[in-house]
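In: The following comprises the amino acid sequence and a computationally predicted model.
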Amino acid sequence: MVESSLLSSRRRAVVGETRHLLFSVAPGAVWIFVFLVLPSVYLMAVAFMTNGPYGLPQMPLSLDAFEQLAGFGFLGWSPGNLYTLLRSLWQTLVSTALVVVVAYPIAYYITTCREKWRPIMLLAVVVPSWTNQVIRTFGWMNLLAPGTPLSDLADSLGLIGPHMGLYPSNFAVTLGLVYNFLPFMVLPLYAAFEKLDVAQVQAAQDLYASPVRAFWHAVFPQTLPGLLAGTVLVAIPAFGMYVIPELLGGGKSMMLGNLVANQFAGGSNWPLGAAGAILMLLATFGGLYAMRRIGKRLGGGEEVVI
Amino acid sequence: MRKKTLARSLTGFWWLTLAFLYLPLAVVVLFSFNSANSAAHFAHFSLRWYHQLLGNEQIISAFWNSLVLAIVSSVIALVIGCLIGYGMYRHRHRKLGWLIVLIYLPIVLPDIVFGISEMAFFVQINRATGLLEPGLVTMIIAHVTFQIPFVALIVYSRFVGLDPTLFEAAKDLYASPFQRALHFLLPTLKPALISAFFLSFTLSIDDFVISFFTAGPESATLPIYIWGAIKKGVTPEINAIAALMIGAVALAAVISLLFNRQGRR
C-alpha cells in the first residue's frame, strides 16, 4: 500500500517534470522547427526539382540544378559559376589570413596596456561592427570611389587605370571583408592572450630561444584555441557573404552568396539557387566539423566553443 | 632598445588600425554635412540633406518599420527564449542534445540561406493558403527565429551562474510555482533579461539580409531603404540617414561604457 503510493507519487513527479520540460521548451522548439527547420528542408528539396516557367520549382525531381551550378546550360558548359565558387574560396582564404595578421598584434597590444584601458580599447574595436553592414560598406564605397584621395593615390602609383575607382573590384571586396570581420578575430585572440602563461615565454627566452622561436613554441600554441574560434567566426560567414560583394564588387567579383541570392531575386531560378545554398551549408557544417577536429587534436578542443 | 621599438611600432599599428576601423564611418558623417552633391569633394558645411530627410516620407516610414520590427520581435523572443533557457537549465541532466542542435541552428546557418529558405517557405504558404503575405509579420517571424537562441543562451548562462541551493530555498519560501516565478525567478533574471532584450533589439536593427528577403513592398526598414537608394544611385541624403544611425550606435557605445563603469564600482 505504502509502496504503491510512493511509486505513484514518484511517477507523478516524473510526469510533472516532463510536462514542465514540454511547457518551457516547446514554444521555442516548435517555433524554430516550423520557421527554420521546415523551410530549410523545403529549400533542400527545391534543389532537386525542375525550374518552372515563373522561376518556381516544379516536379519532376532532377539533378538539373546541380548540373547548372557546375556550369552546364543549354548553351554548353561555361566556367562562370565555377569561377564564382573558386573566387568565394579565394576571398575567404585571403581575407581570413589578412584578418589574422592584423588581429594578432592588436589583440596582443591590448593585453600589454593598463587594465583599466582594456575594456575601452576592446569597445573601440567592436563599436564599428554595431553599425549596419550596409552603412559600413557604403562608407567604403565613398572612400574608394573614383576621384577620392585613395583612388587618386592608387592611380598615381599606377595600380589602377586613370579615372577608375578602387571599387568595384576584387580588391575592394577583400578590403570590405577584412573590415567587416576584424573584431570577430580580435575578441577570441584577446581572450587567449589574456590567459597566456608568461612563464613559458620567459622560460623560452631564458633558454636563448630567438624571438621567432619563442613565439612559435611558447606563444602560438597557447593562443591556438582563440585563433580557431576566430577562424570559425570569420571564415564561415565570409564564404556566404552577400552584401559586401554586391556593393563593393561588380559582376566580375561575385561570390557564392550573390549567385544564390540572384536566383531568388532577379534571375528566378529557385532550384539553382537552392543547389548553391546546399553547397554553402556543406561548406558551413564541413568547416565547423573540421575546426572541431583540429581543435581536439591540438588539445585545445575544450575551449573552442562552437 | 629593441623592446622599445617593438612597443612603439605596436602602438603605431594600433592607431593605424583604429583609423582603418573608423575612417569609413567618419567619411559618411562628414559628407552628410556637405553642401555639394558629391562623394569626392567637400564644398562647405550645410544641413540641407538633413532638412530633405525630414520631408522624405519613405525614410520616416522605414524608420518606424525598423523600430516596430525590432521592439515586437524582441518582446516575443524574450518570452519564448526565456522559457527555453529556463527549461534547458532545469532539465540540464537529461539528454537534450536535439534541443542544443535546434538552438544553435539559427546561429550557424549562413544569413543568406536563412533568408531565402524563409522567403521560399513563406511564398509557398502564401500561395497555398493566402496567409503570411510578405510584410512586417513575416519579418517579425524571421527575426524572432534568430533572436530566440541568444535570449535562451543568456538566460541559461545566468541560471548556471547561480547557486543551485537558491532554488531549494525558494521552494521552501514560496508555496506556488507562480509566486516563485514572481518573487525569485524574475528578480534574479532581471539583468539577464535586460541585456537579452537589448541584444535582440540590436540584432534586429543590425540585420539586413534576412529582412531583405522576408520583406514585402510596404515594409522596407531603414537598411533596406538605404540599400535600394545605393542601388539606384547614391544621393547624399543616404549620408544623412546613415550618419544618424552611426550617431545612435555611438550613443549606445557611450551608454554601455557608463554601465560598465558603474558595474565595476
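Out: Now that the structure is in, tell me what you want to look at.
In: and the gap between A:Asn51 and chain B?
Out: To chain B, A:Asn51 is 13 Å away according to CB to the nearest CB, to the nearest Å. Every residue, glycine included, has its C-beta placed from N, CA and C.
In: Let me see the contact set for that residue.
Out: Residues in contact with A:Asn51 (CB atoms under 8 Å, 6 or more residues apart in numbering or on different chains) are A:57-58, A:64-65, A:269-272.
In: Mind doing that once more with 10 Å?
Out: Going by CB atoms under 10 Å, 6 or more residues apart in numbering or on different chains, A:Asn51 touches A:57-58, A:62, A:64-65, A:68, A:263, A:268-273.
In: Of these, which is the most crowded?
Out: A:Gly273 (30 neighbours; other CB atoms under 10 Å in any protein chain shown).
In: Can you name the residues that contact it?
Out: A:Gly273 neighbours (CB under 10 Å, 6+ apart): A:43, A:46-47, A:51, A:55, A:57, A:65, A:69, A:259-265, A:267, B:112-113, B:116, B:120.
In: Tell me which of the contacts of A:Asn51 has the lowest pLDDT.
Out: Lowest in pLDDT among those is A:Gln58, which has 71.
In: I figured that one hits A:Met49, correct?
Out: Yes - if you go by CB atoms under 10 Å, A:Gln58 and A:Met49 touch, sitting 6.0 Å apart.
In: shared neighbours, those two?
Out: Joint contacts of A:Gln58 and A:Met49 (CB under 10 Å, 6+ apart) are A:270-271.
In: From the centre of chain B outward, give me the first residue you hit.
Out: What sits nearest the mean C-alpha location of chain B, by CA atoms, centre = their mean, is B:Leu203, with 1.6 Å.
In: For that residue, what is the enclosing helix or strand?
Out: Using DSSP states H and E, the element containing B:Leu203 is helix B:186-206.
In: and that helix, what other elements does it pack with?
Out: Applying 3 or more CB pairs under 10 Å, 6 or more residues apart in numbering or on different chains; DSSP states H and E, one finds that helix B:186-206 makes contact with helix B:57-90, helix B:136-160, helix B:165-173, helix B:209-214, helix B:222-232, helix B:236-264.
In: Now do the contacts for B:Gly247.
Out: By CB under 10 Å, 6+ apart, the neighbours of B:Gly247 are A:131, B:29, B:32.
In: quick one: terminal-to-terminal distance for stretch A:251-259?
Out: Distance across stretch A:251-259, first residue to last, is 10 Å (CA to CA, to the nearest Å).
In: Pull out the buried residues from that stretch.
Out: Residues of stretch A:251-259 classed as buried: A:253-259 (neighbour count, 16 or more other CB atoms under 10 Å in any protein chain shown).
In: Kindly report the same for stretch B:231-245.
Out: B:234, B:236-245.
In: circling back: need the buried residues of stretch A:251-259 in JSON lines (columns: distance to B:Trp15).
Out: Formatted as JSON lines, the buried residues of stretch A:251-259 follow (distance: CB to CB, whole Å):
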{"residue": "A:Ser253", "distance to B:Trp15": "30"}
{"residue": "A:Met254", "distance to B:Trp15": "35"}
{"residue": "A:Met255", "distance to B:Trp15": "32"}
{"residue": "A:Leu256", "distance to B:Trp15": "36"}
{"residue": "A:Gly257", "distance to B:Trp15": "33"}
{"residue": "A:Asn258", "distance to B:Trp15": "35"}
{"residue": "A:Leu259", "distance to B:Trp15": "39"}
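In: Adding distance to chain B, write the residues you listed out as JSON lines.
Out: Shown next, in JSON lines, are the buried residues of stretch A:251-259 (distance: CB to the nearest CB, whole Å):
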{"residue": "A:Ser253", "distance to chain B": "16"}
{"residue": "A:Met254", "distance to chain B": "13"}
{"residue": "A:Met255", "distance to chain B": "10"}
{"residue": "A:Leu256", "distance to chain B": "9"}
{"residue": "A:Gly257", "distance to chain B": "5"}
{"residue": "A:Asn258", "distance to chain B": "9"}
{"residue": "A:Leu259", "distance to chain B": "10"}
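In: how about TSV for these, with pLDDT added?
Out: Output for the buried residues of stretch A:251-259, formatted as TSV (pLDDT from 0 to 100):
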residue	pLDDT
A:Ser253	86
A:Met254	88
A:Met255	92
A:Leu256	91
A:Gly257	91
A:Asn258	91
A:Leu259	89
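In: and those, which of them are in helices?
Out: Counted as lying in helices by DSSP state H, out of the buried residues of stretch A:251-259, are A:256-259.
In: Return the member of those nearest to B:Phe159.
Out: For those, the residue nearest B:Phe159 by CB to CB is A:Gly257; the value is 36.9 Å.
In: So A:Asn81 is in contact with A:Gly71, correct?
Out: Yes - in this structure A:Asn81 lies within contact range of A:Gly71 using CB under 10 Å: 5.0 Å.
In: any weak-confidence spans in the stretch 101-250 of chain A?
Out: A:162-163 (pLDDT under 70).
In: Name the nearest residue to A:Gly273, sequence neighbours excluded.
Out: A:Gln263 (3.0 Å; CB to CB, 6 or more residues apart in numbering or on different chains).
In: Confirm for me that the one you found is in contact with A:Leu272.
Out: Yes - counting by CB under 10 Å, A:Gln263 touches A:Leu272, with 4.9 Å between them.
In: Good, we can wrap up now.
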